[in-house]
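Undergrad: A predicted structure for the sequence below; I have some questions about it.
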Amino acid sequence: MAAPPFSPLPAFDELLSMAKQNPTALDELQKKLNQELIDAQSDDRGKKAIQQTLFRLQSEQLRYKAPLVRLTRAYQLMLSEMNRMQDALEQLCTTQKPPQKPCATILPFRSKGQE
């Protein structure tokens, strides 16, 4: 199954122009891209995780008005999420299975001199 196509992201200069001249259009683009990302998830758990992260990010953005503070808080939130994912991955990779008992008796080879 091929990955669903996402809407192309406009060039940086166009995004900058939208931010200055038409912030509503930029917000709509962001909502559209976020929804595409959520819709692309195949399981409900993934959708819920993305929605929770977006909610936390939007809550932080509403809390602060200064652009630099908003950017810093968004960076901190995303860094925290990446660390959480890294910890989960490390835990998954280091989880060891209990040793299995052999299912058959292993007989040693005899050398020709022991026959």
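TA: Alright, I've got the coordinates.
Undergrad: all contacts plus neighbour counts: C-alpha atoms, from now on.
TA: Fine.
Undergrad: so how far is the top helix by length along the chain from its chain's centroid?
TA: In the chain, assigned by DSSP state H, the helix with the most residues is helix 67-94. Put simply, helix 67-94 sits 9 Å off its chain's centre (CA atoms, centre = their mean, to the nearest Å).
Undergrad: same check, this time on stretch 42-51
TA: Here the centre of stretch 42-51 is set off from its chain's centre by 10 Å, with CA atoms, centre = their mean.
Undergrad: in this protein, which spans are helices?
TA: Using DSSP H, helices in the chain cover 12-21, 23-40, 44-63, 67-94.
Undergrad: Pipe those into JSON lines and attach distance to Pro5, mean pLDDT and mean neighbour count per row.
TA: Below are the helices of the chain laid out as JSON lines (distance: least, CA to CA, whole Å; pLDDT from 0 to 100; neighbours: other CA atoms under 10 Å):
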{"stretch": "helix 12-21", "distance to Pro5": "20", "mean pLDDT": "93", "mean neighbour count": "13"}
{"stretch": "helix 23-40", "distance to Pro5": "9", "mean pLDDT": "91", "mean neighbour count": "14"}
{"stretch": "helix 44-63", "distance to Pro5": "17", "mean pLDDT": "89", "mean neighbour count": "13"}
{"stretch": "helix 67-94", "distance to Pro5": "24", "mean pLDDT": "89", "mean neighbour count": "12"}
